[in-house]
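Asker: give me a model of this one.
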Amino acid sequence: MTAGLAMRWALAGRVPMVWDFTRLRHAHAHLAYYGLLIPLVWLGWRSRGLPVPSSRVALVYASAVVLALIGFLRAGYAPEAIVGSTAVGIVWLWTAWRLWPRLGVWRDPMGTVPLGMTAAMACVPFVARTTRLAPSQAQEWVATFLSALLLLVVLPSALGVLRVVRPWPALVVSGVLGALALGVWSHPLSQLGLAAFGALMLPVGWPRHPAHLRLAWAALGLGVLGMAIGLLPNSRPVVIGAVHFAALSVALPSLAPLVGLPVDSRWWWVHHAAVALLCAPVVLQAFGAGAWTWGAAAWGGSVVWVEVVIGLVWLAFHRKEPC
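Answerer: Purely as a prediction, here's the structure:
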C-alpha cells in the first residue's frame with residue numbers, strides 16, 4: 001500500500017519518483033496478491049474448516065515473497081523475482097488443489113478455487129515468453145493473470161466465507177472469460193462472460209450481512225456489468241479503478257474481520273468512502289477528466305493508508321485469534 005501511495009503522489013506531481021516507476025508498479029501489483037489478498041483468502045478457508053498452509057510452509061512462502069519483491073524492485077522480472085514467484089506459485093497451486101473436495105459441492109463458490117488457480121497460473125508461461133519479445137502483449141497477459149486471481153480465487157473465496165450460494169461451474173466459466181476480457185482477448189464472447197460474472201456478484205439471495213458490505217458487492221457487480229456492456233470503457237484507468245475497488249472495498253471488508261480487525265459498520269463506511277475517493281477519479285480519467293483527478297486519487301489513497309494503519313495498530317493492541 002505504501003508503494004501504491006508513493007506512486008499516486010508522484011503521478012500527481014507532488015513528490016519526486018525516487019524509484020523506477022515500472023519496477024515499483026510491478027512490485028506493488030504482485031505484492032498486493034502475494035502478501036495481502038492470498039493470505040487473507042487462506043484465513044477465509046480456515047474459517048470454513050478447509051486446509052491452509054502450515055507454519056513451516058508459510059515461512060517458506062514469506063521468504064519467497066521477500067525474494068520476489070527484491071527482484072521486482074531491482075530489475076522488474078529479474079531472476080530472483082522469477083525464482084520467488086515460482087515458489088509462490090507452487091505454494092498457491094498446492095494449497096488450492098487441497099480444496100478439490102469442494103468440486104463435489106457444485107453450489108459452493110469455494111469449488112472455483114482449484115480450477116481458477118490453475119487457470120491463473122497457466123498465464124505465467126505466456127508472460128515469460130512475451131516479456132522481452134512483445135512487452136505490450138506481456139502486459140496484457142499480466143492483466144489476465146491478476147484478473148484471474150481476483151475473479152477466480154479471491155472473490156469466490158470471499159463469497160464462500162460469507163456463506164453465499166453460487167454454482168462454482170458458472171463462476172469458473174464466467175470468471176475465465178471475464179479475465180480474458182480484461183486482458184488478452186476482448187471479444188463479444190469474453191464480454192458476455194464478464195457480464196455473467198458481474199451478475200453473479202450481485203447480492204441477490206444472500207444471507208443477512210451488513211448494509212455496507214451488500215452495497216460494496218452490488219457496486220462491484222454493477223460496475224463489472226457496466227464494463228461488459230460498454231457503459232464503462234475497458235481501458236487502463238477503468239480496470240485499475242475496478243481492481244482497486246474490488247480488492248479494497250469488497251475483498252478486504254469481507255475477509256479482514258477474520259484477523260480481528262474492527263467490525264463496527266461506521267469504520268467500514270469511512271473505509272468505503274476513502275476507497276471511492278481513490279478509485280472514482282482514476283475511472284474518470286477514461287472520460288477525459290482533467291489533472292485534478294491525480295491529486296484527488298492521491299488524497300483518497302492517503303486516507304485509505306491512514307485508516308488501514310490505524311486498524312493494524314488497533315489490532316496489535318487488541319489481538320484475538322482469527323475465526
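
Asker: what count of nearby residues applies to residue 33?
Answerer: Residue 33 sits with 22 neighbouring residues when counted by other C-beta atoms under 10 Å. Where you see a C-beta, it was placed from the backbone N, CA and C, and this is true even at glycine.

Asker: quick check: chain neighbours aside, which residue is closest to it?
Answerer: The shortest distance from residue 33 to any non-neighbouring residue, by C-beta to C-beta, 6 or more residues apart in numbering, is to residue 149 (5.6 Å).

Asker: give the contact list for that neighbour.
Answerer: 33, 37-38, 117, 120 (C-beta atoms under 8 Å, 6 or more residues apart in numbering).

Asker: so what pLDDT did it get?
Answerer: The per-residue pLDDT reported for residue 149 equals 98.

Asker: so which of the contacts of residue 149 is the most crowded?
Answerer: Ranking these using other C-beta under 10 Å puts residue 120 first, with 27 neighbours.

Asker: helix or strand: which one has that one?
Answerer: Here residue 120, judged by DSSP states H and E, is contained in helix 112-121.

Asker: so how far is the helix or strand in which residue 74 is found off the chain centroid?
Answerer: Element membership for residue 74 (DSSP H and E) is helix 55-75. Centroid separation for helix 55-75 versus its chain: 18 Å, with C-alpha atoms, centre = their mean, to the nearest Å.

Asker: residues of it that come out buried?
Answerer: 60-61, 64-65, 67-69, 71-73 (16 or more other C-beta atoms under 10 Å).

Asker: dump the C-alpha coordinates for that helix into CSV.
Answerer: Extracted C-alpha coordinates of helix 55-75, given in CSV (Å, rounded to 0.1, in the frame of the first residue of the first chain):
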residue,chain,number,x,y,z
SER,A,55,3.6,-22.6,9.7
ARG,A,56,6.6,-24.1,8.1
VAL,A,57,5.1,-23.7,4.6
ALA,A,58,4.1,-20.2,5.5
LEU,A,59,7.7,-19.4,6.4
VAL,A,60,8.9,-20.7,3.1
TYR,A,61,6.2,-18.7,1.4
ALA,A,62,7.1,-15.5,3.2
SER,A,63,10.7,-15.9,2.2
ALA,A,64,9.7,-16.4,-1.5
VAL,A,65,7.6,-13.3,-1.3
VAL,A,66,10.5,-11.2,0.0
LEU,A,67,12.8,-12.7,-2.7
ALA,A,68,10.3,-11.8,-5.4
LEU,A,69,9.8,-8.3,-4.0
ILE,A,70,13.6,-7.7,-4.1
GLY,A,71,13.7,-8.9,-7.7
PHE,A,72,10.8,-6.7,-8.8
LEU,A,73,12.3,-3.6,-7.2
ARG,A,74,15.8,-4.3,-8.5
ALA,A,75,15.1,-5.1,-12.2
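
Asker: other SSEs contacting that helix?
Answerer: helix 21-31, helix 79-97 (3 or more C-beta pairs under 8 Å, 6 or more residues apart in numbering; DSSP states H and E).

Asker: next, the angle helix 79-97 makes with that helix.
Answerer: 140 degrees (axes from the mean of the first three to the mean of the last three C-alpha atoms, to 10 degrees).

Asker: state the mean pLDDT of helix 55-75.
Answerer: On average, helix 55-75 scores 96.

Asker: can you list contacts of it?
Answerer: 19, 23-24, 26-27, 30-31, 34-35, 53, 77-85, 87-88, 91.

Asker: rewinding a little: and the helices and strands packed on helix 55-75, which one is worst for confidence?
Answerer: Among those, helix 21-31 carries the lowest mean pLDDT (a mean of 91).

Asker: can you list contacts of the following helix or strand past that helix?
Answerer: Once the chain leaves helix 21-31, the next helix or strand it forms, by DSSP H and E, is helix 38-47. Applying C-beta under 8 Å, 6+ apart, the external contacts of helix 38-47 come out as 51-53, 92, 95, 99, 110, 149, 153-154, 157-158, 160-161, 251-252, 255-256, 258-259, 322-323.

Asker: narrow those to those in helices?
Answerer: 92, 95, 149, 157-158, 160-161, 252, 255 (DSSP state H).

Asker: tell me the two of those that are most distant?
Answerer: 95 and 252 (20.1 Å; C-beta to C-beta).

Asker: the longest helix in the protein is where?
Answerer: Ranking each helix of the chain by length (DSSP H) puts helix 292-317 first.

Asker: count of neighbours near residue 13?
Answerer: Residue 13: 12 neighbours (other C-beta under 10 Å).

Asker: so how far is residue 291 from it?
Answerer: Applying C-beta to C-beta, to the nearest Å, the value for residue 13 to residue 291 is 8 Å.

Asker: follow-up on the earlier one: what packs against the longest helix of the chain?
Answerer: Against helix 292-317 (3+ C-beta pairs under 8 Å, 6+ apart) you get helix 2-11, helix 265-284.

Asker: off-centre distance for stretch 76-83?
Answerer: Centre to centre, stretch against its chain (C-alpha atoms, centre = their mean), the figure for stretch 76-83 is 21 Å.
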